[in-house]
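K.L.:
A predicted structure for the sequence below; I have some questions about it.
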Amino acid sequence: MAQAPFSRSHHATNDLSPKFDSNGNLSNNLTLTSPSHTQVQSTQRPKLEVQGLSKSFAQKGKTVVALHNIDLYLQPREFVCIVGASGCGKSTLLNIVAGLVQPCSGKVLVDGEAVPGPGADRGMVFQSYTLYPWLTVAGNIAFGLKLRRLPNAEIKQRVSYYLDVVGLTKFAKAYPKQLSGGMKQRVAIARAMANEPEVLLMDEPFGALDAQTKEQMQKFLLELWEQTHTTILMITHDLEEAVFLSQRIYVMSAHPGQIKQEVHVQLPAHRDLEMKLDPDFIQIKRAIIHALHDDH
Ligand SMILES: Nc1ncnc2c1ncn2[C@@H]1O[C@H](COP(=O)(O)OP(=O)(O)OP(=O)(O)O)[C@@H](O)[C@H]1O
């Protein structure tokens, strides 16, 4: 993969291995914490913070509380996943962080500053392919950069760099309809990353892909994250995907949508697909399943 000309400073990751007691239960090394403990515990300023976020919708004359008093944070360069049952408010939460939906109360901060709406500091990748069909791959990646009126030379340099990063240089002049699902998502990721966001927000980015392509994309995303030092907040239904990719996982409960538990995934920082078969990996996945099924 190419060296990032725009990459940010690297922050070391915690690569402690999980420890289990004699019954196979997680001991304190894989920390499961209740919402009251989700405040920032480090002296480092978080890259992203969500404070006291609540959101209700009017539905058929009734009020549906989609999110209630959500607090979360991401440290710089952290990869964090949010999991939870369908309808628990994951997409609403991500859309509020992206500035696409206004909360009823609470705020979103990037580098300590409250953000009032959408901004180039938060890049978004959706599950459905949101590429512009009339633009080439290169044109799609350049789109946001042109909107921001970046100098042409810089646009060219970034497009070329991110085409290389996602391994699609040969497809620069292809149109979305000529690409596979995985390739389309790589373009969507390149397009979001070309803006050099402070945080990359991903809503089920691999949800529409077949199992094999999905695994390739997980590996690709992990390599990309290792190379570019991007801070990533991702929603997924796939618990294995969450454990494989992230350093922390927020488990949400529904009605109303709340953060129920925070799981620190203390697996080695550098991971390969084989790790999914590792007993430690499976144990962490099991802990999340229990957290999801425990309604109390
Ligand atoms: N624009 C809207 N108007 C009314 N209700 C909404 C709106 N958006 C979301 N909701 C409601 O808010 C709740 C949370 O929805 P949301 O889509 O955020 O959940 P989710 O966890 O992302 O679900 P899924 O995993 O199925 O995508 C649901 O009850 C949903 O019906």
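P.N.:
All right, it came through fine. All values reported here derive from a predicted model rather than from experimental measurement. Numbers count the residues shown, from 1 in each chain.

K.L.:
that's a strand at Q127, yeah?
P.N.:
No. According to DSSP: H, G, I helix; E, B strand; the rest coil, the state of Q127 is coil, so it is not within a strand.

K.L.:
Give me the neighbour count for it.
P.N.:
Here the number of neighbours of Q127 (other Cβ atoms under 10 Å) works out to 18. No exception for glycine: its C-beta is placed from N, CA and C like everyone else's.

K.L.:
Could you count how many residues lie near Q227?
P.N.:
Neighbours of Q227 (other Cβ under 10 Å): 14.

K.L.:
Does it touch D164 like I think?
P.N.:
No. The pair Q227 / D164 is not scored as a contact, 11.0 Å apart, by Cβ atoms under 8 Å.

K.L.:
Geometric centre of the chain: which residue is closest?
P.N.:
By Cα atoms, centre = their mean, the chain has its centre lying nearest to M234, at 2.2 Å.

K.L.:
measure that residue to the ligand for me?
P.N.:
Between M234 and the ligand the computed distance is 13 Å (Cβ to the nearest ligand atom, to the nearest Å).

K.L.:
Could you pull up the contacting residues of whichever residue of the stretch 101-250 of the chain sits closest to the ligand?
P.N.:
Using Cβ to the nearest ligand atom, the closest approach of the stretch 101-250 of the chain to the ligand is made by H237 at 6.3 Å. Neighbour list for H237: V83, S86, E204, G207 [criterion: Cβ atoms under 8 Å, 6 or more residues apart in numbering].

K.L.:
name the element it belongs to?
P.N.:
Under the assignment given by DSSP states H and E, H237 is not contained in any helix or strand.

K.L.:
do the same with V83
P.N.:
The secondary structure element spanning V83 is strand 79-84 (assigned by DSSP H and E).

K.L.:
Name the residues that touch that strand?
P.N.:
The contact list for strand 79-84, computed with Cβ under 8 Å, 6+ apart, reads 72, 74, 90, 93-94, 225, 231-237, 239, 241-242, 245-254, 257, 260, 288, 292.

K.L.:
Near the ligand, which residues of this structure are found?
P.N.:
For the chain, the residues found near the ligand under the criterion Cβ under 6 Å from any ligand atom are F57, Q59, V64, A66, G84, S86, G87, C88, G89, K90, S91, T92.

K.L.:
Can you read off the pLDDT for the last one?
P.N.:
Spelled out, it's T92. According to the model's per-residue confidence, T92 sits at a pLDDT of 96.

K.L.:
Can you give me the neighbour number for it?
P.N.:
20.

K.L.:
Can you classify it by secondary structure?
P.N.:
Assignment for T92 (three-state DSSP): helix.

K.L.:
do the same with the third one
P.N.:
Following three-state DSSP, V64 is assigned to strand.

K.L.:
Not counting sequence-adjacent ones, nearest residue to it?
P.N.:
Closest residue to V64 in three dimensions, ignoring its sequence neighbours and counting by Cβ to Cβ, 6 or more residues apart in numbering: F57, at 4.9 Å.

K.L.:
Please work out the average pLDDT along the helix or strand where the one you found lies.
P.N.:
Using DSSP H and E, the element containing F57 is strand 48-59. The average pLDDT for strand 48-59 rounds to 95.

K.L.:
So which bits of that strand are buried?
P.N.:
Applying a neighbour-count criterion of 16 or more other Cβ atoms under 10 Å, the buried positions in strand 48-59 are L48, E49, V50, Q51, L53, S54, K55, S56.

K.L.:
Tell me how the protein divides into domains.
P.N.:
Listed domain ranges for the chain are 31-121+197-206+219-296, 128-196 (source: automatic domain parsing).

K.L.:
quick revisit: by neighbours, which of the residues of the chain next to the ligand wins?
P.N.:
Neighbour count (other Cβ under 10 Å) singles out G89 as the most crowded of the residues of the chain next to the ligand, with 28 neighbours.

K.L.:
Pretty sure that residue sits against M252.
P.N.:
Yes. Under the contact definition of Cβ under 8 Å, G89 touches M252, with a separation of 6.7 Å.

K.L.:
re the thing from before, out of the contacts of strand 79-84, name the ones that lie in strands.
P.N.:
With strands identified by DSSP state E, the entries of these that belong to them are 72, 74, 231-235, 248-253, 260.

K.L.:
pretty sure R158 is touching L145, no?
P.N.:
Yes. Counting by Cβ under 8 Å, R158 does reach L145; the two are 6.1 Å apart.

K.L.:
Spell out which residues are contacts of both of those two.
P.N.:
By Cβ under 8 Å, 6+ apart, the residues touching both R158 and L145 are A194.

K.L.:
Please enumerate the strands of the stretch 151-296 of the chain.
P.N.:
Listed from the start of the chain, the stretch 151-296 of the chain has strands (DSSP state E, counting those that start in this stretch) covering 199-203, 231-235, 248-253, 258-264.
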